[in-house]
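Asker: Got a sequence here, can you model it:
(2 chains)
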Amino acid sequence: NAGVMQNPRHLVRRRGQEARLRCSPMKGHSHVYWYRQLPEEGLKFMVYLQKENIIDESGMPKERFSAEFPKEGPSILRIQQVVRGDSAAYFCASSPSSPDTQYFGPGTRLTVL
Amino acid sequence: AQKVTQAQTEISVVEKEDVTLDCVYETRDTTYYLFWYKQPPSGELVFLIRRNSFDEQNEISGRYSWNFQKSTSSFNFTITASQVVDSAVYFCALSEAWGSARQLTFGSGTQLTVLP
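Answerer: As a prediction, this is how the structure comes out:
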């Protein structure tokens, strides 16, 4: 059973560009969570989604960030007009139900030049 | 509001020593889950254990053991006979068992270095 898949593993963007991060949950998991790990700030929750629904986006920055989990395909975290402060590791996790154990993907390291 | 405190920022031990990582949490919920995750130098987050708040039985898995003390709001993690491969950042985390919030609240992590 494959684990949580994230791609790309590393992403480099220039200021003002868009970043798209993808997450495929574990087989049988319909709950997806995104977290961000900023240097010196630890792991912070961003958003929780189920298929086609955003359940909790209380940790998402108000502007430039959005997330979706369509009926078909991976969950996408989208960052528009990236700034240097967006440089971080973005982790996706999935669980078969909620609340339940969240299993994490390998993360996407975003670097904004 | 939930809070997880890992007061030990960095710990360094010599191989084969035992080491305990501390975790103290705050929550108003009567039912909750506690977790430990490991982040090795390669960067991924590896799930180690989940403990339910209504189950205070301690757990042992090989060289790993966990001591859950509800009275002191602590969930400490002990590695016995540490090995170099145990070197990693270890995170303690908390989530509600009921209610609308499903996210994990993480502590700031403890960097464990095991020296040969």
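Asker: In this structure A:Asp100 contacts A:Gly28, no?
Answerer: No - using Cβ atoms under 8 Å, A:Asp100 is not in contact with A:Gly28; the gap is 11.5 Å. For the C-beta atoms, the positions are set from N, CA and C on the backbone; glycine is no exception.
Asker: between these two, who's got more neighbours?
Answerer: Neighbour totals were compared for A:Asp100 and A:Gly28, and A:Asp100 leads with 15 against 8 (other Cβ atoms under 10 Å in any protein chain shown).
Asker: Give me the contacts around the lowest-mean-pLDDT helix or strand in chain B.
Answerer: Lowest by mean pLDDT, DSSP states H and E among the helices and strands of chain B is strand B:59-61, with a mean of 86. Applying Cβ atoms under 8 Å, 6 or more residues apart in numbering or on different chains, the contact partners of strand B:59-61 are B:49, B:51, B:65-66.
Asker: try stretch B:45-52
Answerer: In contact with stretch B:45-52 (Cβ under 8 Å, 6+ apart) are residues A:43, A:91, A:93, A:101-104, A:107, B:31, B:33-40, B:59, B:61, B:64, B:66, B:68, B:75, B:77, B:91, B:97.
Asker: Quick one, which of those residues are buried?
Answerer: Buried members of those, scored by 16 or more other Cβ atoms under 10 Å in any protein chain shown, are A:43, A:91, A:93, A:101-104, A:107, B:33-39, B:64, B:66, B:68, B:75, B:77, B:91.
Asker: What about the contacts of strand B:59-61, which one has the most neighbours?
Answerer: B:Trp66 (20 neighbours).
Asker: Centroid-nearest residue for chain A?
Answerer: The centre of chain A sits closest to A:Trp34, judged by Cα atoms, centre = their mean, with a distance of 3.8 Å.
Asker: what's the closest non-adjacent residue to that residue?
Answerer: In this structure, A:Trp34 finds its nearest non-sequential neighbour in A:Met46, 4.4 Å apart by Cβ to Cβ, 6 or more residues apart in numbering or on different chains.
Asker: ranges for the strands of chain A?
Answerer: Applying DSSP state E to chain A gives strands spanning A:5-7, A:10-13, A:19-24, A:31-38, A:42-50, A:53-56, A:65-68, A:75-79, A:88-95, A:103-104, A:108-112.
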